[in-house]
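> build me a structure from this.
(chains A and B)
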Amino acid sequence: KQEVTQIPAALSVPEGENLVLNCSFTDSAIYNLQWFRQDPGKGLTSLLLIQSSQREQTSGRLNASLDKSSGRSTLYIAASQPGDSATYLCAVFTRGLVFGAGTILRVKS
Amino acid sequence: ETGVTQTPRHLVMGMTNKKSLKCEQHLGHNAMYWYKQSAKKPLELMFVYSLEERVENNSVPSRFSPECPNSSHLFLHLHTLQPEDSALYLCASSQLLSGSGANVLTFGAGSRLTVL
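Below is the predicted model of the structure:
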């Protein structure tokens, strides 16, 4: 059974810092890995998708990497802003997405 | 608006009630999903439909009954629920079920369910 773990569970940083969120998964037989953002009381917004054949994807200040063989992914956020405050979820796709518990990020101004 | 619409956004029901959650997508997707998000727990996959056929049922209690009448609509029928079923129920859709690394899920905003 696929399990996804995210570290840290919560993170509080001052504005402007670069930060790294970590995700690990137990079964490397995945089609893709997605990073989502969830604001309180709302649905999920897809940030980045990395296909199993890819090593990384970038979108603006976000960069996600994937090491499928070791079952790891990182989400790098450059020059963090208060608007980045949200819960960040990592999910791997097999037959439907399996999610981690998320990292709650707070960026202080 | 993501293209996946869920109604109602909020629902309060007693344990003896029967209610339904509705999900609608007009993205031309062929697969639809129900997820449950409880406080402090990861999202849990409940049901998966591909081309209107149920292909996954992750040991969900029978008090939750899904229905997919066509590729654009997905329902979750609720009856005799328990207080621990209170959660955010999220619907999602994707172009394909599997077999493609480019398969992206689009989520609705969720239905917040409270069972008294």
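> which secondary structure element is home to the residue sitting nearest the centre point of chain B?
Nearest to the geometric centre of chain B sits B:Trp34, at 2.6 Å (CA atoms, centre = their mean). Element membership for B:Trp34, per DSSP states H and E: strand B:31-37.
> got the CA positions of stretch B:87-96 in PDB?
These are the backbone C-alpha positions of stretch B:87-96, laid out as PDB (Å, rounded to 0.1, in the frame of the first residue of the first chain):
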ATOM      1  CA  ALA B  87     -15.300  16.100   7.100                       C
ATOM      2  CA  LEU B  88     -14.600  18.000   3.900                       C
ATOM      3  CA  TYR B  89     -15.600  15.900   0.900                       C
ATOM      4  CA  LEU B  90     -13.700  16.700  -2.300                       C
ATOM      5  CA  CYS B  91     -14.500  15.700  -5.800                       C
ATOM      6  CA  ALA B  92     -11.900  15.600  -8.500                       C
ATOM      7  CA  SER B  93     -11.800  14.700 -12.200                       C
ATOM      8  CA  SER B  94      -9.000  13.800 -14.700                       C
ATOM      9  CA  GLN B  95      -8.700  13.100 -18.300                       C
ATOM     10  CA  LEU B  96      -7.600   9.600 -17.800                       C
END
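> say whether chain A is contacted by it.
Yes - if you take CB under 8 Å from any CB of the partner chain as the test, stretch B:87-96 does meet chain A, through B:88, B:90, B:92. All C-beta spots, glycine's among them, are computed from the backbone N, C-alpha and C.
> so what's the first one up against?
Yep, that's B:Leu88 we're talking about. Applying CB atoms under 8 Å, 6 or more residues apart in numbering or on different chains, we find B:Leu88 in contact with A:41, B:36-38, B:110-113.
> pull the helix or strand with minimum mean pLDDT from chain B.
strand B:53-57 (a mean of 77; mean pLDDT, DSSP states H and E).
> sheet-wise, list the partners of it with their directions.
Strand B:53-57 pairs in its sheet with strand B:44-50 (antiparallel), by DSSP bridges.
> which residues of chain A score low on pLDDT?
Residues of chain A meeting the criterion pLDDT under 70: A:95-96.
> all strands of it, in order?
Here chain A has its strands, by DSSP state E, at A:4-7, A:10-14, A:19-25, A:32-38, A:44-51, A:56-59, A:62-67, A:72-77, A:86-94, A:96-99, A:103-108.
> identify whichever of these lies nearest to chain B.
Shortest separation from chain B across the strands of chain A is recorded for strand A:44-51, at 3.2 Å, computed as CB to the nearest CB.
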